[in-house]
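# how does the following fold in three dimensions:
(chains A, B, C and D)
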There are 4 protein chains.
Amino acid sequence: MSFYEDLKAECPTDWASYVYHPFVQGLGDGSLSGDAFRHYLIQDYLFLVHFSKAYALAVFKSDNLDDMRQAAATMDALLNEEVKLHISYCADWGIEKSVLEAVPEASANIAYTRYVMERGMSGDILDLLVALAPCVMGYAEIGSRLAEEHVGSLENNAYGPWIEMYSSSEYQQAAAGAYGQLERVAMSRLGEDYRSSGRWKQLCETFATATRLEAGFWEMGLTGSL
Amino acid sequence: MSFYEDLKAECPTDWASYVYHPFVQGLGDGSLSGDAFRHYLIQDYLFLVHFSKAYALAVFKSDNLDDMRQAAATMDALLNEEVKLHISYCADWGIEKSVLEAVPEASANIAYTRYVMERGMSGDILDLLVALAPCVMGYAEIGSRLAEEHVGSLENNAYGPWIEMYSSSEYQQAAAGAYGQLERVAMSRLGEDYRSSGRWKQLCETFATATRLEAGFWEMGLTGSL
Amino acid sequence: MSFYEDLKAECPTDWASYVYHPFVQGLGDGSLSGDAFRHYLIQDYLFLVHFSKAYALAVFKSDNLDDMRQAAATMDALLNEEVKLHISYCADWGIEKSVLEAVPEASANIAYTRYVMERGMSGDILDLLVALAPCVMGYAEIGSRLAEEHVGSLENNAYGPWIEMYSSSEYQQAAAGAYGQLERVAMSRLGEDYRSSGRWKQLCETFATATRLEAGFWEMGLTGSL
Amino acid sequence: MSFYEDLKAECPTDWASYVYHPFVQGLGDGSLSGDAFRHYLIQDYLFLVHFSKAYALAVFKSDNLDDMRQAAATMDALLNEEVKLHISYCADWGIEKSVLEAVPEASANIAYTRYVMERGMSGDILDLLVALAPCVMGYAEIGSRLAEEHVGSLENNAYGPWIEMYSSSEYQQAAAGAYGQLERVAMSRLGEDYRSSGRWKQLCETFATATRLEAGFWEMGLTGSL
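Predicted structure coming up:
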């Protein structure tokens, strides 16, 4: 077991609602509507910008050079690679950069990104990493599961490239780096008996809330809500 | 005219959707369902706690003792008076304190409070005060308008006490204090020609976003969403 | 024993250099030069303003209403009482308010206040409370010891009123409140076996550094340095 | 003229005390004692770590992707290149990495880095960039002047490599990038008539204070103080 697995095990229903959300299942079998996906893509651009900032905050809040560098590497990947990839990927779906920059930020988007930032400001580096975990590691789990379940049909699936991106070894390794940092920081701040820590309950609540907000992000895509 | 009035004038549709929201109108004529009001009250408790924190952040970010004291007074009123009043008011509606502390925070609630906090951390004291303004001053406007429009029927309206609270001279004066601080800080940081400032556009966006998130809070009450 | 006593026990030399600093001993026997005391008083004004902000940050970072209210009470006492008392006390020593507001902030003053604020931003509420502790509780220890040691001679000591202020039951109670909060937060976040926590070493370093910076503040008074 | 040049012009004495500090002049003519330089080098290691965090904070506080990327590039250069170069450079001077990590942080070091971080937390991105400017741009000015003044004697100067590093085109270009960002952000937030802004006085004070704290850092090197 691990700190991360234990966090998940404390909110099984929330976690399942996130990783098996109809939006996710629709990505896997290709049944998701293009409009839902485009709405998701447009909002995900603003999401990436704010997640880059959250990782910058993680650099600021780190206790040592190793943690600073791990957070800086994730920030750099988001800010200098993912954002560009995202713009080019959006272009493939007919979404121009000007649209990405003009669209209002959906309430579900605001809720998730600002919640993560607030955990980082109100708490310490561990609170922040726990709030970030459902996104980074959840996407790795989703990408890897969908790639496995739909292994023969990805090339005929309009969402195949999305699944390939998050199941790619590059993404899986980045998520593994974030996983390793979470475990390391949790051990160093809470010790191996972290479940007995007075902080455990609040950390579980942070993880579960961030997970529900991730599910809310898929829901926003499905309903097209702002 | 004033800085605040100019901010409102830049987002007339958003502002109207907030201050004339069906939830508000239902408070005025008493037609709002008790369940909607109770859902709103429960979420408003967590809202008050986070708004107290946002005003604490405003103390931290103030440039001078006057601004520190104005923000501290608002924080004190929220933390030491409003929270208690709210608990007692909730009891009148059959909501026990244990419920207030156990209920999950709705996504619309998270979106608004964390957005305000993030503006405070990312920006300066002015960004924070602008994000806070739609709540403080909007409630004063709503309270005062409803009291006037329904002047003869408040005693037969289950929501009469709510309207009386926000139209009371205590609340109106508190809002006037917040208004005065916003104007003062805007003048001192942007000058009288604030509309020509490079920050004007972003400040308008912050105000409009906070206004939409306030409307989203009423909507959450109406729909009972989490 | 207590968390606070254990923190002190880890840096006995630093603690002694702070609470038995020549500046402190000179306050007790009245031998401190008036110029040194005036330099200290002038810098202490800016110190109080920044410490008020640090307590505002503690409100922002609190996990529950009790901690928010305790930090808010300390902030209120500093901002609305101590600052005024200080201005009036300075006037007794011939220092006008305009001087208090015009003088540059000494490097030793900047070092201490900004270190505390940074611990609060980089860390969690416990890091912040630990950084604040040497000031609040150290002054209570100093005031109480000097009052006892010089019990018969305070009325002939120009620094008698200063000693009386910090040995007063009002101040001692305020410090006891801060002490109680520190113990409570440490227990809730680290548990009773806090010395085994991975955070113990860093918290001891924060406490020792803040203690050295307090001693540096006395030294600044003695040397008149900016 | 430029925003940066105008900031300098408002504190000519502070600026001269910094860029012509005896420590700097001793670097130029090689007369600086090795002990003073080693003390400086050891403290500069911790300084680099905290300045990396300050640039991470600048990423967090940026208004747009361009500013995020500029701040991220500086942070990356500090965290992933300068820190390593510094460790290797210290080794040339007989300072082992274990010493760098064990030495207590000098008060003058704390004062400067935490002041910068606090300006970033209390203010907006412009307050932060102004607090950072004396270091980044001042070192470029010092490096370039010393290289010019001592053009024939650098190879016989033990501090020649230090001067070459800060006069190198790599460093000068990095400083030019930071300069460009400062001007751009100042224009976008204050406009061309920035000297009439209500913020000008406070920004000048931030710049002057940071400049004095930089001079204090040289002084710490000379006196070997902690």
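
# so what's the gap between the one helix or strand A:His50 maps to and the chain middle?
Following DSSP states H and E, the helix or strand that holds A:His50 is helix A:34-61. Helix A:34-61 sits 9 Å away from the centroid of its parent chain (CA atoms, centre = their mean, to the nearest Å).

# so it versus helix D:34-61, what angle?
Interaxial angle, helix A:34-61 versus helix D:34-61 (axes from the mean of the first three to the mean of the last three CA atoms, to 10 degrees): 160 degrees.

# after helix A:34-61, next one along is what?
helix A:65-76.

# for that next one, name the packing helices and strands.
helix A:34-61, helix A:169-190, helix D:34-61, helix D:65-76 (3 or more CB pairs under 8 Å, 6 or more residues apart in numbering or on different chains; DSSP states H and E). No exception for glycine: its C-beta is placed from N, CA and C like everyone else's.

# kindly reformat the ones you listed as CSV containing distance to D:Arg199.
Output for the helices and strands packed on helix A:65-76, formatted as CSV (distance: least, CB to CB, whole Å):
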stretch, distance to D:Arg199
helix A:34-61, 23
helix A:169-190, 38
helix D:34-61, 16
helix D:65-76, 18
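
# any chance of these in a markdown table, plus mean pLDDT and mean neighbour count?
Formatted as a markdown table, those follow (pLDDT from 0 to 100; neighbours: other CB atoms under 10 Å in any protein chain shown):
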| stretch | mean pLDDT | mean neighbour count |
| --- | --- | --- |
| helix A:34-61 | 96 | 22 |
| helix A:169-190 | 94 | 18 |
| helix D:34-61 | 96 | 22 |
| helix D:65-76 | 94 | 21 |
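
# to A:Ser122, which of those lies closest?
When these are compared by CB to CB, helix A:34-61 sits nearest A:Ser122, at 11.2 Å.

# how big is the angle separating the closest one from helix A:169-190?
Comparing the axes of helix A:34-61 and helix A:169-190 via the same axes, to 10 degrees yields an angle of 40 degrees.

# could you give the angle of helix A:34-61 to helix A:65-76?
Using the same axes, to 10 degrees: helix A:34-61 against helix A:65-76 is 150 degrees.

# quickly check: helix A:34-61 near chain D or not.
Yes. Helix A:34-61 reaches chain D (CB under 8 Å from any CB of the partner chain) through A:49, A:52-53, A:56-57, A:59-60.

# secondary structure element holding the residue nearest the centre of chain A?
Residue closest to the average C-alpha location in chain A (CA atoms, centre = their mean): A:Cys135, at 1.8 Å. Per DSSP H and E, A:Cys135 falls inside helix A:125-149.

# how far is that helix from where the chain is centred?
6 Å.

# packing partners of it?
helix A:3-9, helix A:12-19, helix A:22-29, helix A:34-61, helix A:107-122, helix A:160-167, helix A:169-190, helix A:200-223.

# how about the residues of chain A by chain D?
A:49, A:52-53, A:56-57, A:59-60, A:62, A:65, A:68-69, A:72, A:75-76, A:79-80, A:83.

# wait, what's in contact with A:Ile142?
A:Ile142 makes contact with A:19, A:24, A:166, according to CB atoms under 8 Å, 6 or more residues apart in numbering or on different chains.

# distance to C:Val130 and pLDDT added to these, as TSV?
Below are the contacts of A:Ile142 laid out as TSV (distance: CB to CB, whole Å; pLDDT from 0 to 100):
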residue	distance to C:Val130	pLDDT
A:Val19	39	98
A:Val24	44	98
A:Tyr166	41	93
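
# mean confidence (pLDDT) on stretch A:104-120, please.
Here stretch A:104-120 scores 97 as its mean pLDDT.

# now it: how far from the chain's centre is it?
12 Å.

# that one vs chain C: in contact?
No. Figure legend: stretch A:104-120 not in contact with chain C (CB under 8 Å from any CB); closest approach 9.8 Å.

# and chain B, is that stretch touching that?
Yes. Using CB under 8 Å from any CB, stretch A:104-120 reaches chain B at A:104-105, A:107-108, A:110-111, A:114-115, A:117-118.

# which of those sits closest to B:Ala147?
Among these, and counting by CB to CB, the member closest to B:Ala147 is A:Ser107, at 29.8 Å.

# residues from chain A in reach of chain C?
Close to chain C, as judged by CB under 8 Å from any CB, chain A has residues A:60-61, A:63, A:121-124, A:127, A:187-191, A:196-199, A:202.

# tell me how many other residues crowd the residue in chain A that chain C sits nearest to.
Distance from chain C to each residue of chain A (CB to the nearest CB) is smallest for A:Asp124, at 3.9 Å. When neighbours are counted by other CB atoms under 10 Å in any protein chain shown, A:Asp124 registers 23.

# what pLDDT is listed against it?
Predicted confidence (pLDDT) for A:Asp124: 97.

# wait, it sits on C:Asp127?
Yes. Contact criterion CB atoms under 8 Å: A:Asp124 and C:Asp127 qualify, at 7.1 Å.

# just to revisit the earlier point, excluding sequence neighbours, find me the nearest residue to the residue nearest to the centre of chain A.
A:Glu214 (6.2 Å; CB to CB, 6 or more residues apart in numbering or on different chains).

# ok, the one you found - contacts?
By CB under 8 Å, 6+ apart, the neighbours of A:Glu214 are A:18, A:112, A:134-135, A:138.

# list only those of those residues flagged as buried.
A:18, A:112, A:134-135, A:138 (16 or more other CB atoms under 10 Å in any protein chain shown).

# which of those sits closest to D:Ile95?
Once CB to CB is applied, the member of these that ends up nearest D:Ile95 is A:Cys135, at 41.4 Å.

# which ones are touching the closest one?
Contacts for A:Cys135 were tallied using CB under 8 Å, 6+ apart; they are A:51, A:210, A:214.

# the first one is in contact with A:Val83, isn't it?
No. With contact defined as CB under 8 Å, A:Phe51 does not count as touching A:Val83 (10.0 Å).

# can you classify A:Leu226 as helix, strand or coil?
Using DSSP: H, G, I helix; E, B strand; the rest coil, the structure places A:Leu226 in coil.

# now the residue in chain A sticking out farthest from the centre, nearest residue through space, not along the chain?
Distance from the C-alpha centroid of chain A peaks at A:Ser196, with 27.3 Å (CA atoms, centre = their mean). Excluding the flanking residues, the one nearest A:Ser196 by CB to CB, 6+ apart is C:Gly191, at 7.1 Å.

# now do A:Ala133
A:Leu182 (5.8 Å).

# can you pull the contacts of the one you found?
Counted by CB under 8 Å, 6+ apart, A:Leu182 has contacts A:3-4, A:129-130, A:133.

# residues contacting A:Ala73?
Counted by CB under 8 Å, 6+ apart, A:Ala73 has contacts A:Gly177.

# that one and B:Val103, how far apart?
Distance from A:Ala73 to B:Val103, counting by CB to CB, to the nearest Å: 39 Å.

# repeat that for A:Tyr18.
21 Å.

# circling back: go through the helix holding A:Cys135 and flag the buried ones.
Residues A:125-147 are the ones in helix A:125-149 that count as buried (16+ other CB under 10 Å).
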